[in-house]
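Okay, structure incoming, though there's no sequence with it:
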């Protein structure tokens, strides 16, 4: 498990660092996406979650779900284009799961990607991702998780 | 000065605009339009004053059926709209003043969302204090005077661009508000009105005849200028780029799909109450209880007990808004310790117990 300024950044996941989202390719070709622990630290306790419904087409860098914390609404921008195949009912019942387990039970959406190979070229992983997050946190003036 | 630095200079000057009295759908569409224009780099930062025809505005994640008396709204021609921003349902009428900032995230101090709220609310409070009142930020997102809420706020952070908005209650028709909004004190009697008046205030109540609209606007702008050091210049209209997005945004917010973003049934948000006899007196809790998410959407404590300082109960109610039931104990304990509460025999456990009884 990689760590940047106290925030867990698993090195086996893919990231859109600007949008602070992670992506995992599943065996069946679908992708699971969610908020990073850094995004959770910035947001604070998440109290609402509204995903785009299953079957909806999402364009790359457009909202796959919105979350709310402390009266702030924020979209979770999908790192790839695709159609929603599943939303997280456990998170709908308890949005705080995103804070508790952002890379596990707090996942935000599953999509069937439209063109994974093309969209994934922008994403970072491993040591590159850790370096990019360090740079982002520095630019954001972030003290740490 | 070269072109690049000229562009940066333009970006740093805020456009201040008053878009006049509008129906709710137009105001919400303008929010989206300005946000899009700023996000695309087609507009510099915007400070907008808003005026609404009478309406009820839901927070982005709220259900109209759960939060409003929709029959009453229909009968009285009160438009229902959904904000882009978070927080709870509010009423808006032409007496209220709305304000908002739309800007790149990096225009504001670095930090998390809680710090952003604090900074913006402190700027607004500083401005309102110019009117001769002692306005202060109350976490998480309110501006209050002597423990009573004068201004509620909420925001949206869309990538690197944010919109943060608030209200100023210039005048407030509490009975009307109680008819439109679902609040824990459901009985529409003098007690309910007095109870809301304990928690909410208005400029009319604070200073008598409210200041002229221009004076309130000038005070708010002064607060933001002084707090952030921004250069702000009035304009007669929004940047063209925002108007270019307006038609499409209006179509979106007028669609049935937009209002149904959240359409959970009223039955999932029942009104519950309980009373507890404790050494310090009888303590009552009235709760809007989210049975789906196991959250306290709103709670109202009352009773014949005596608690100091006077604002303490309102602070506790604000801290418990949207709290998961498992968080209640910790939040009540923290409130008790932080606020130096003197509850004359009431212990933190009594507040937890009566709330748990209500939702059991």
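Sure, I can see it. Since we're looking at a predicted model, the values are computed, not measured.

Can you name the residue of chain B nearest chain A?
residue B:110 (2.8 Å; C-beta to the nearest C-beta). For the C-beta atoms, the positions are set from N, CA and C on the backbone; glycine is no exception.

Buried residues in stretch B:352-360, which are they?
Using 16 or more other C-beta atoms under 10 Å in any protein chain shown as the test for burial, stretch B:352-360 gives B:352, B:353, B:354, B:355, B:358, B:359.

buried stuff in the top helix by length along chain A?
The helix that spans the most residues within chain A, counting by DSSP state H, is helix A:126-140. Across helix A:126-140, burial judged by 16+ other C-beta under 10 Å covers A:129, A:130, A:132, A:133, A:137, A:140.

Report all helices and strands that that helix contacts.
strand A:2-4, strand A:7-9, strand A:14-16, helix A:37-43 (3 or more C-beta pairs under 8 Å, 6 or more residues apart in numbering or on different chains; DSSP states H and E).

from the buried residues of stretch B:352-360, which ones fall inside helices?
Per DSSP H, the buried residues of stretch B:352-360 map to helices at B:352, B:353, B:354, B:355, B:358, B:359.

and the first one, what does it touch?
Residues near residue B:352 by C-beta atoms under 8 Å, 6 or more residues apart in numbering or on different chains: B:328, B:329, B:332.

so which of those is the most crowded?
In terms of neighbour count, residue B:332 stands highest of these at 22 neighbours, by other C-beta atoms under 10 Å in any protein chain shown.

doesn't it fall inside a helix?
Yes. Assessed by DSSP: H, G, I helix; E, B strand; the rest coil, residue B:332 belongs to a helix.

give me every residue that touches it.
Contacts of residue B:332 by C-beta under 8 Å, 6+ apart are B:316, B:320, B:348, B:351, B:352.

Filter those residues down to the buried ones, ChimeraX style.
This is how ChimeraX selects the buried members of the contacts of residue B:332, with burial counted by 16+ other C-beta under 10 Å:
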select /B:316,320,348,351,352
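
helix/strand/coil for residue B:243?
helix.

Quick check: it touching residue B:34?
No. At 9.6 Å, residue B:243 and residue B:34 do not qualify as touching, with contact defined as C-beta atoms under 8 Å.

Now do the same for the closest residue to chain B within chain A: its pLDDT.
Per C-beta to the nearest C-beta, residue A:141 is where chain A lies closest to chain B, at 2.8 Å. With respect to pLDDT, residue A:141 scores 83.

all strands of chain A, in order?
Remark: strands assigned in chain A by DSSP state E are A:2-4, A:7-9, A:14-16, A:21-25, A:31-35, A:48-51, A:57-58, A:63-69, A:72-77, A:82-87, A:109-113, A:124-125.

Mean pLDDT for those - can I get that in CSV?
Output for the strands of chain A, formatted as CSV (pLDDT from 0 to 100):
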stretch, mean pLDDT
strand A:2-4, 94
strand A:7-9, 96
strand A:14-16, 98
strand A:21-25, 98
strand A:31-35, 98
strand A:48-51, 94
strand A:57-58, 97
strand A:63-69, 96
strand A:72-77, 95
strand A:82-87, 98
strand A:109-113, 98
strand A:124-125, 97
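
The ones you listed into CSV, with extra columns for distance to chain B?
CSV is the format used below for these (distance: least, C-beta to the nearest C-beta, whole Å):
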stretch, distance to chain B
strand A:2-4, 16
strand A:7-9, 12
strand A:14-16, 11
strand A:21-25, 11
strand A:31-35, 13
strand A:48-51, 4
strand A:57-58, 15
strand A:63-69, 4
strand A:72-77, 4
strand A:82-87, 14
strand A:109-113, 16
strand A:124-125, 17
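
Reformat those into TSV and put mean neighbour count next to each item.
Listed next are those as TSV, based on neighbours: other C-beta atoms under 10 Å in any protein chain shown:
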stretch	mean neighbour count
strand A:2-4	17
strand A:7-9	20
strand A:14-16	23
strand A:21-25	21
strand A:31-35	24
strand A:48-51	21
strand A:57-58	18
strand A:63-69	24
strand A:72-77	24
strand A:82-87	18
strand A:109-113	22
strand A:124-125	17
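
Let me have those in TSV, extended by distance to residue B:266.
Output for the strands of chain A, formatted as TSV (distance: least, C-beta to C-beta, whole Å):
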stretch	distance to residue B:266
strand A:2-4	45
strand A:7-9	40
strand A:14-16	38
strand A:21-25	34
strand A:31-35	30
strand A:48-51	18
strand A:57-58	30
strand A:63-69	20
strand A:72-77	23
strand A:82-87	23
strand A:109-113	28
strand A:124-125	45
